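Undergrad: Build the 3D model from these lines:
(one chain, ligands or ions: 1)
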Amino acid sequence: MIDLLLCFDDETMLAEALARAVGCPLQIIERHRFPDGESKLKLPPRLPSRVALLRGLQQPNDKLAELMIVAPAARELGARNLTLVCPYLAYMRQDMAFSPGEAVSQRHIGAALASWFDNLITIDPHLHRVATMDEVLPGKRGLALSAAALLGDWAARHAQQPILLGPDDEAAQWVRAAAAAQGLDHGSCVKQRSGDREVKVALPDMDFGGREVVLLDDVASTGRTLVAAAEALLQRGARSVDVAVTHALFVGDAVAQLAAAGVRHVWSSDSVAHASNVVSVVPLLAAALRAPSAP
Ligand code: R5P
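TA: A predicted model of the protein is given here:
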């Protein structure tokens, strides 16, 4: 259990809902952005012992610099146990050097977060070649929750006996979890990415003719993975294609591209605020913060 939740001014809606669900006070960190881009941060002058900070890391670079300041400042002001509640945890996809010299961002960002916080709670982190959050956060406690079952439940109620399909191998873990809870048919595609917006998707050997299909993934960024899968499905005779993702990054023209590809509905969790949000991760986060074994 925590004594106080902190947040930044651009995440007050989620933070207010979370503080209410946990039953703890909420305070907002004041932020001044200097003309040259630096941030001045002001926390409450005295902090209780157990403090959680809500900070989603979509568009992460400036936010990481602020976390680097907030964490030691919070300790100076009295916090002894610091938890980062990070609904969307960025930099998890770069989990190996795909060519010589490439930095393994997951490892280095994980090490930095582990040096600032005692615990981290997140939702559907992109763990592929690494199995647990404890491996990402050396020596600290990490908890990965999942919105897959919530999205699976939503899909089952808003599409007709849909097939849940992961657009790549990595999505198989979320698709399996969501399909099992609802007893739905499921599968996953094979993806080949040759650039930020260049993606090819091969469908599994399943009969999609006349079926409603819901593409389920952890994160949509440019949306091109989902576009490629949706186009292939419609060509194979699917009756409809909907999209359900935990983290709705949807950069640039992603949503327009999905519509142009024939996607019927775009659904997401509120881990990242977006017009497509239909299910809330607040109960998951609140239960994790209230649990006796809370990190
Ligand atoms: C990576 O494998 C992730 O699960 C997503 O499939 C990927 O990040 C989506 O990226 P985009 O929307 O840019 O295709």
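
Undergrad: Geometric centre of this protein: which residue is closest?
TA: Y88 (3.4 Å; Cα atoms, centre = their mean).

Undergrad: residue contacts, that residue?
TA: 56-58, 122-123, 219, 247, 249, 271-272 (Cβ atoms under 8 Å, 6 or more residues apart in numbering). (C-beta placed from N, C-alpha, C; glycine too.)

Undergrad: same check, this time on A21
TA: Contacts of A21 by Cβ under 8 Å, 6+ apart are 282-283, 285-286.

Undergrad: List buried residues within those residues.
TA: Among these, those classed as buried by 16 or more other Cβ atoms under 10 Å are 282, 285-286.

Undergrad: ranges for the strands of the stretch 101-250 of the chain?
TA: 119-123, 141-145, 163-166, 186-188, 190-195, 198-202, 212-220, 240-248 (DSSP state E, counting those that start in this stretch).

Undergrad: where does the protein have low pLDDT?
TA: 292-295 (pLDDT under 70).

Undergrad: So which bits of it are right by the ligand?
TA: 93, 126, 167-168, 170-171, 199, 217-225 (Cβ under 6 Å from any ligand atom).

Undergrad: Test my guess that H265 contacts D242.
TA: Yes - contact criterion Cβ atoms under 8 Å: H265 and D242 qualify, at 4.4 Å.

Undergrad: R193 against V201, yeah?
TA: No - the pair R193 and V201 does not pass the contact test of Cβ under 8 Å, sitting 9.6 Å apart.

Undergrad: which neighbours do the two share?
TA: In contact with both R193 and V201: T225, using Cβ under 8 Å, 6+ apart.

Undergrad: hang on, the earlier thing: show me which of the contacts of Y88 is closest to the ligand.
TA: V219 (5.0 Å; Cβ to the nearest ligand atom).

Undergrad: Run a quick neighbour tally on the closest one.
TA: By the other Cβ atoms under 10 Å criterion, the neighbourhood of V219 contains 23 residues.

Undergrad: repeat for the one 4 residues further on
TA: Residue neighbour count, defined by other Cβ under 10 Å, stands at 28 for G223.

Undergrad: How about the contacts made by it?
TA: Here G223 is in contact with 250, 254-255, 257-258 (Cβ under 8 Å, 6+ apart).

Undergrad: Out of the residues you listed, which sit inside strands?
TA: Under the assignment DSSP state E, those contribute nothing to strands.

Undergrad: now, which of the residues you listed lie within helices?
TA: Within those, residues falling in helices by DSSP state H are 254-255, 257-258.

Undergrad: In JSON lines: these, plus neighbour count.
TA: Output for these, formatted as JSON lines (neighbours: other Cβ atoms under 10 Å):
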{"residue": "A254", "neighbour count": "20"}
{"residue": "V255", "neighbour count": "19"}
{"residue": "Q257", "neighbour count": "18"}
{"residue": "L258", "neighbour count": "25"}
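
Undergrad: what about S276, distance to A254?
TA: Counting by Cβ to Cβ, to the nearest Å, the gap between S276 and A254 amounts to 10 Å.

Undergrad: sec struct for M13, please.
TA: On the three-state scheme (DSSP: H, G, I helix; E, B strand; the rest coil), M13 is labelled helix.

Undergrad: wait, I meant V278
TA: V278 - assigned by three-state DSSP - is strand.

Undergrad: That one against A248, yeah?
TA: No - the pair V278 / A248 is not scored as a contact, 10.0 Å apart, by Cβ under 8 Å.

Undergrad: Mutual contacts of the two, please.
TA: 268-269.

Undergrad: Looking at the two, which has the bigger crowd around it?
TA: A248 (27 against 16).

Undergrad: how near is that one to A202?
TA: For A248, the distance to A202 - Cβ to Cβ - is 25 Å.

Undergrad: Closest one to E38 out of the contacts of G223, please.
TA: Closest approach to E38 among the contacts of G223 (Cβ to Cβ): F250, at 28.9 Å.

Undergrad: can you count the residues close to the closest one?
TA: Neighbour tally, F250, other Cβ under 10 Å: 25.

Undergrad: just checking, it touches W267?
TA: No - the criterion here is Cβ under 8 Å, and F250 misses it with W267 at 11.9 Å.

Undergrad: intersection of neighbour lists for these two?
TA: Counting by Cβ under 8 Å, 6+ apart, the residues touching both F250 and W267 are S276.

Undergrad: Can you tell me what sits against the longest helix along the chain?
TA: Identified as the longest helix of the chain according to DSSP H is helix 60-76. For helix 60-76, the surrounding residues in contact (Cβ under 8 Å, 6+ apart) are 6, 8, 29, 31, 37, 39, 41, 43, 47, 51, 53, 55, 57, 82, 84, 90-91, 109, 112-113, 116-117.
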